[in-house]
Every structure is written in structure tokens, then in C-alpha cells.
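In: here you go, sequence then predicted model.
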Amino acid sequence: MARFDLTGKVALIAGASRGIGEAIAHGFAEHGATVICSSRKQADCEKVAESIRGKGGKAVSAELHLGELSHHDKAIAMIEKEFGRLDILINNGATNPYFGPAHEAPESAYDKTWDVNVKGPYFLSAKSIPLMLKGGGGSIVNVASVDGIQPGKGRVIYGMTKAAIINMTKGMAKEYGNHGIRVNALLPGFTDTKIAAALKADPKMQDYMNNNLAISRMAQPEEMVGAVLYMVSDEASYFTGQGMVVDGGAII
């Protein structure tokens, strides 16, 4: 695994208290990175950090609500003071407060979804980039979704935000590629996370998986780690502006 060694790298992971973010935090630590586990509930992130430290890894926790820009400033300031560098940013946090017909969606749900899913990752990236530039470069991975390229019924707003994230990934990759910063996106399919709880509870989902997935089951968060590990490693030095689909064959 030396080809994917992250020793000496400092990684900030948004939405690291559970699901895909938690799995990525453990994966990075296992490969030598110092991990900053962040989410809007620092106590939950501290449990993840404690677990990583218990296994011999390096991890701290930080409060960071993607929808609160003041949290971004505090987190970046802490990282610069404590570590002096930032090599990796994972924009993982997301929300989907409304599931149902598009014409019935309340404005408040629309605004919250865009604030957390798009505004948050955009500004956290923007605030991280100067510190990455100071250190000679870095890697950003935005956790999007297959909904960003193939919208799902009942979640139009969510799909719109993920399409925006995919486009943001391409735009930032183009803008900072010659400055040593690579920007890519992970596009998970149906994954066993809290945000997918409503879909998981639908008794029709097994029929969907049987008829539409090449691998007819939900993904586990740990199955996303390898793709992200590749994208942030030096093995992906010529890989940028891309969306890596990990969906069990759903969109084929």
C-alpha cells in the first residue's frame, strides 16, 4: 500500500461523524494521514477521532457546519495554527430535508439544501485553497451523487445541488490545476447512510435494486474509501476534474 501512502498529509473531512465521511477518516488515518474529523456536532466527531487514535492513528475533531461560513473560518484557522498546512479536503456533508413531489417543496427546504450542499462546499474549498497553495498544492474531493447526472424521483432539489457540485468540481479543477491543486468528485449510488434512510425504508427498493443494479444491493460506506484514497494520492497526479461513479452499476 506504499503507493497510496498519506504519511505527513493533513486532511480535513467535512461530515465525518458517520457514514461515508467516517469511513474515509478511518481509511486516511490507516494510510498515515493526520485527520481532522468535522461536522456540526463535534462530540460525534470526537468519538470518531478517539476511535482512530485508539488504533494508533492521528486525528482531532472540529465543529464545522457546512452551512455556517463562520465555522469554516474557525476550522481553517485552527488547522493553520496547529498543523501549518492542509493537503486534502473532503467535502462530504450534505442534507436532503425534503423528499416528495417537486411542486410541493417548501422554500425553506430548497434554501437549506442549497446552503449545505453547494454553498458550503464552495466556500470551504475557497477558504482551504490559500492554505493549500501555501503548502505547494493539494487535493479536493467533493462527494456528489449519481443523482447529479441521473435525477431521482422525489428528490429533484437534491439532484440539482449534486449537479452543481459536479460542475463546481470541473470549474475548480480547471482554475487550479496549474497551481498544484487537483479537484475531483465521488458519485456514490444507493449507499447505506442516514441520508438514504427514506429510500432504504421503501419496500419497493429491493425490486429497484434487482432490476437496475448490476450488483443488487446497497453499498456500504467503506466501499467508497478506495476510490477517494486513489483520488487524493500521488497515484492520481494526472487525474483531475473527474467524477468517479461508485454505484454498483446503477447508471448503466
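Out: Everything's here; your move.

In: can you pull out the strands in this structure?
Out: If DSSP state E is used as the criterion, the strands of the chain fall at 10-14, 34-39, 58-63, 88-91, 138-143, 181-188, 243-246.

In: just send the ones you listed back as a markdown table, with mean pLDDT and mean neighbour count too.
Out: C-beta coordinates here come from the backbone N, C-alpha and C atoms, glycine included. Compiled in a markdown table, the strands of the chain are given as follows (pLDDT from 0 to 100; neighbours: other CB atoms under 10 Å):
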| stretch | mean pLDDT | mean neighbour count |
| --- | --- | --- |
| strand 10-14 | 98 | 28 |
| strand 34-39 | 97 | 29 |
| strand 58-63 | 97 | 21 |
| strand 88-91 | 98 | 28 |
| strand 138-143 | 98 | 26 |
| strand 181-188 | 98 | 25 |
| strand 243-246 | 98 | 19 |
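
In: distance to I215 added to the ones you listed, as TSV?
Out: Converted to TSV, the strands of the chain look like this (distance: least, CB to CB, whole Å):
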stretch	distance to I215
strand 10-14	26
strand 34-39	29
strand 58-63	31
strand 88-91	24
strand 138-143	20
strand 181-188	13
strand 243-246	11
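
In: out of those strands, the one nearest N212 is which?
Out: strand 243-246 (14.1 Å; CB to CB).

In: list the neighbouring strands of that closest one plus their orientation.
Out: Counting by DSSP bridges, the strands paired with strand 243-246 are strand 181-188 (parallel).

In: how far off centre is the partner strand?
Out: Distance of strand 181-188 from the chain centroid (CA atoms, centre = their mean, to the nearest Å) equals 9 Å.
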